[in-house]
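Enquirer: the following block contains a protein sequence and its predicted model.
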Amino acid sequence: MAMTGVLRPGHAQIRVLDIEEGVKHYGKVLGLIETGRDSQGRVYFKAWDERDHHSVILREADSAGIDFFGFKVSDQATLDKLDRDLQAYGVKTERIPAGELLKTGERVRFEVPSGHLIELYWEKSDYGNDDTYTNPPPWTDDAERGIAPIRLDHCLLYGPDIEKVQDIFVNVLGFYLVEHVIMEDGKSDLAIWLSCSIKAHDIAFVRHPEPGKLHHVSFLLESWEKVLRAADIMSMNRVSIDIGPTRHGITRGTTIYAFDPSGNRFEAFCGGYQCYPDWKPIRWTWDEVGAGIFYHDRKLNERFLTVVS
Ligand SMILES: [Fe+2]
């Protein structure tokens, strides 16, 4: 498929209670590469195989959670068009000036009905991955430091009105529904997985009464063995593990979940199938939701459902 419009998840700004504790976790344990600090005290990171300047921004605050999640779009014309389309749909947008985030161009920010701030941008400086762009080796030293994910992959957000959120992502931003879980009523969705690419999800939402909550930010690993290695590194560093290693029925990914020192859940995962926009969405019924989330246990744990930041 041609990659136009919204290209991919580009950044997540995560609130942490203690910035240096956060830097230690995201830099040493997760193994992201610190790429900058700004005058507000925010710290910027990228995963080893990402090219752009950053994908994770940490901001010290009194409460944990996510400030915003940003998507990179293909060019200025796309950014302007999507801004106009959002406004025509009735979504209020705001332009954040270039440079407000380090090495990043102008962003279009808007709030979706689940209470989350979403951003679009197209310019971010190339940082590279320590490989040359000519005749590169297959991996770098950073690919072995800490959990060492390949990239920021997606996030799962909790909030109300997810059918309205889906309508905006699908009918304005060009995403498509890949999988969904139906609630007990047999009609409304408990959760939706949306893609703007051939990944099984670029963003997902779960219906939840409180708006604007973060369930997890997820990082991609290249194998099931790396998921097991991630579990070892979490235990060595006394990271609070939520669940796993296990497999999802939904998206088929192999996964482990844990919490950063501020209580933000994160996922390190591998796999999941590739999909296309013309595919029919996969539907999970209420009675099988346990297997959908955790394929081996076939049941949900209360903490996974209710603990968000
Ligand atoms: Fe996930």
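Expert: Okay, I see it. Quick caveat: nothing in here was measured; it's all calculated off a predicted structure.
Enquirer: now do the longest strand belonging to the chain: which elements does it pack against?
Expert: Counting residues, the longest strand in the chain under DSSP state E turns out to be strand 6-16. Judged by 3 or more Cβ pairs under 8 Å, 6 or more residues apart in numbering; DSSP states H and E, strand 6-16 is in contact with strand 56-60, strand 65-73, strand 117-121, strand 151-159, strand 213-220. In this view, the C-beta of every residue, glycine as well, is placed from N, C-alpha and C.
Enquirer: from the ion, how far out is K199?
Expert: According to Cβ to the ion, to the nearest Å, K199 stands 11 Å off from the ion.
Enquirer: neighbours of the residue of the chain at minimum distance from the ion, how many?
Expert: The minimum distance from the chain to the ion, using Cβ to the ion, falls at S218 (4.0 Å). Here the count is done by other Cβ atoms under 10 Å, and S218 has 24 residues near it.
Enquirer: so what's it closest to, chain neighbours aside?
Expert: What sits nearest to S218 in space, not counting adjacent residues and going by Cβ to Cβ, 6 or more residues apart in numbering, is E267, at 4.0 Å.
Enquirer: for the one you found, give me its contacts.
Expert: When contacts are counted by Cβ atoms under 8 Å, 6 or more residues apart in numbering, E267 is found next to H216, V217, S218, F219, T255, I256, Y257.
Enquirer: with W139 instead?
Expert: Under the criterion of Cβ under 8 Å, 6+ apart, the contact partners of W139 comprise W48, D49.
Enquirer: also D49?
Expert: N129, W139, A143, I150, R151.
Enquirer: for W48, same thing?
Expert: For W48, the contacting residues are G31, I33, N129, D130, W139, T140, D142, A143, R145, A148, P149, I150, taking Cβ under 8 Å, 6+ apart as the criterion.
Enquirer: of all the residues you listed, which two lie farthest apart?
Expert: When those are compared pair by pair using Cβ to Cβ, the two farthest from each other are D130 and P149, 15.4 Å apart.
Enquirer: pick out whichever of these two has more residues nearby.
Expert: Using other Cβ under 10 Å, the more surrounded residue of D130 and P149 is P149, with 28 against 15.
Enquirer: bridged to the closest residue to the more buried one other than its chain neighbours, which residues?
Expert: Across the structure, with Cβ to Cβ, 6+ apart as the measure, the residue nearest P149 apart from its sequence neighbours is F219 (3.4 Å). Taking DSSP bridges, one finds L152, A268 as the beta-bridge partners of F219.
Enquirer: what about F219, how many residues close to it?
Expert: A count of nearby residues for F219, using other Cβ under 10 Å, gives 24.
Enquirer: can you check S235 too?
Expert: The burial count assigned to S235 is 11, neighbours taken as other Cβ under 10 Å.
Enquirer: tell me the buried residues in the helix or strand hosting it?
Expert: Assignment of secondary structure by DSSP states H and E places S235 within helix 224-236. Residues of helix 224-236 classed as buried under the neighbour-count rule (16 or more other Cβ atoms under 10 Å) are K226, V227, L228, R229, A230, A231, I233, M234.
Enquirer: just to revisit the earlier point, partners of the longest strand of the chain in the sheet?
Expert: Looking at strand 6-16 with DSSP bridges, its partner strands are strand 56-60 (parallel), strand 65-73 (antiparallel).
Enquirer: can you list the ones you listed in JSON lines and add mean pLDDT?
Expert: JSON lines is the format used below for the strands paired with strand 6-16 (pLDDT from 0 to 100):
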{"stretch": "strand 56-60", "mean pLDDT": "98"}
{"stretch": "strand 65-73", "mean pLDDT": "98"}
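Enquirer: make sure L305 is indeed in a helix.
Expert: Yes. Going by DSSP: H, G, I helix; E, B strand; the rest coil, the assignment for L305 places it inside a helix.
Enquirer: from F294, how far off is it?
Expert: Per Cβ to Cβ, to the nearest Å, L305 is found 11 Å from F294.
Enquirer: more neighbours, those two?
Expert: Regarding L305 and F294, a neighbour count based on other Cβ under 10 Å identifies F294 as having more, with 21 against 15.
Enquirer: correct me, but that one touches I243?
Expert: Yes. At 6.9 Å, F294 and I243 qualify as touching, with contact defined as Cβ atoms under 8 Å.
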